[in-house]
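# this one's structure only:
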């Protein structure tokens with residue numbers, strides 16, 4: 001009986017080691033910044049969530065133009081920035097922001113559209129702040145933030161991993 005138990009444990013340990021080796025050998029996807037897709041329903045950019053670490057963001061999106069160390073007093077506590085592509089991973093606060101010159105595809109297509117178009121796609125916001133300048137939506141992944149210009153156009157999209165009552169806006 002003890003030999004069978006020991007053999008079972010040995011086999012389990014071997015499979016565990018093999019699984020660890022396989023996981024370590026899997027390389028993350030490196031994204032081409034010429035083909036960007038922001039999915040507002042899933043809260044992802046090219047399938048990546050805003051909860052990536054600073055190093056993971058730089059590895060997966062190597063076309064970055066700048067970075068700020070985690071915990072910094074600048075740039076909302078740190079992140080990786082893509083000035084040429086107008087998107088930003090604020091890794092310290094676990095959110096991703098896309099601005100009006102973002103060259104990629106947004107699903108649903110509401111960036112640079114009027115608020116009425118956004119509401120047709122997303123419905124009524126769960127919270128409105130700053131006299132209509134910020135529209136916040138509860139999402140399965142956390143919060144979707146829309147910044148509205150004076151001309152009533154969506155100019156910034158923020159995907160936050162935090163729930164609507166927990167996000168800490170940095171402006």
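Sure, I can see it. What you see is a predicted model; the values in this text were computed from it and never measured.

# residue nearest the centroid of this protein?
Closest residue to the average C-alpha location of the chain: residue 50 at 2.4 Å, with Cα atoms, centre = their mean.

# low pLDDT regions in the protein?
Within the chain, the ranges that satisfy pLDDT under 70 run 1-26, 171.

# how about the helices of it, start to end?
2-25, 54-60, 115-122 (DSSP state H).

# Now for the closest residue to the residue nearest to the centre of the chain other than its chain neighbours: which residues touch it?
Leaving aside its chain neighbours, residue 50 sits nearest to residue 96 (3.9 Å; criterion: Cβ to Cβ, 6 or more residues apart in numbering). Bear in mind the C-beta positions are built from the backbone N, C-alpha and C, glycine included. Residues near residue 96 by Cβ atoms under 8 Å, 6 or more residues apart in numbering: 43, 45, 50, 87, 88, 89, 90, 158, 159.

# just residue 164 next, same as before
Per Cβ under 8 Å, 6+ apart, neighbours of residue 164: 126, 127, 136, 137, 138, 142, 143.

# didn't the last one look like it was pressed against residue 157?
Okay, so that is residue 143. No: using Cβ atoms under 8 Å, residue 143 is not in contact with residue 157, being 11.3 Å away.

# how much space between residue 49 and residue 107?
Computed as Cβ to Cβ, to the nearest Å, the residue 49 to residue 107 distance reads 15 Å.

# ugh, typo on my part, it should be residue 90
Where residue 107 is concerned, residue 90 sits at a distance of 21 Å (Cβ to Cβ).

# Report the beta-bridge partners for residue 158.
Note on residue 158: beta-bridge partners by DSSP bridges are residue 97, residue 145.

# Report the contact partners of it.
Counting by Cβ under 8 Å, 6+ apart, the residues that residue 158 touches are 95, 96, 97, 98, 143, 144, 145, 146, 147.

# Just the closest of the residues you listed to residue 117, please.
Using Cβ to Cβ, residue 146 is the member of those that sits closest to residue 117, with 11.1 Å.

# neighbours around the closest one, how many?
23 (other Cβ atoms under 10 Å).

# now swap in residue 144 and tell me
23.

# so what's residue 90 bridging to?
Here residue 90 sits in beta bridges with residue 95, going by DSSP bridges.

# wait, what's in contact with the nearest residue to residue 61 once chain neighbours are set aside?
For residue 61, ignoring the flanking residues on the chain, the nearest one in space by Cβ to Cβ, 6+ apart is residue 31 at 5.3 Å. Listed by Cβ under 8 Å, 6+ apart, the contact partners of residue 31 are 46, 48, 60, 61.
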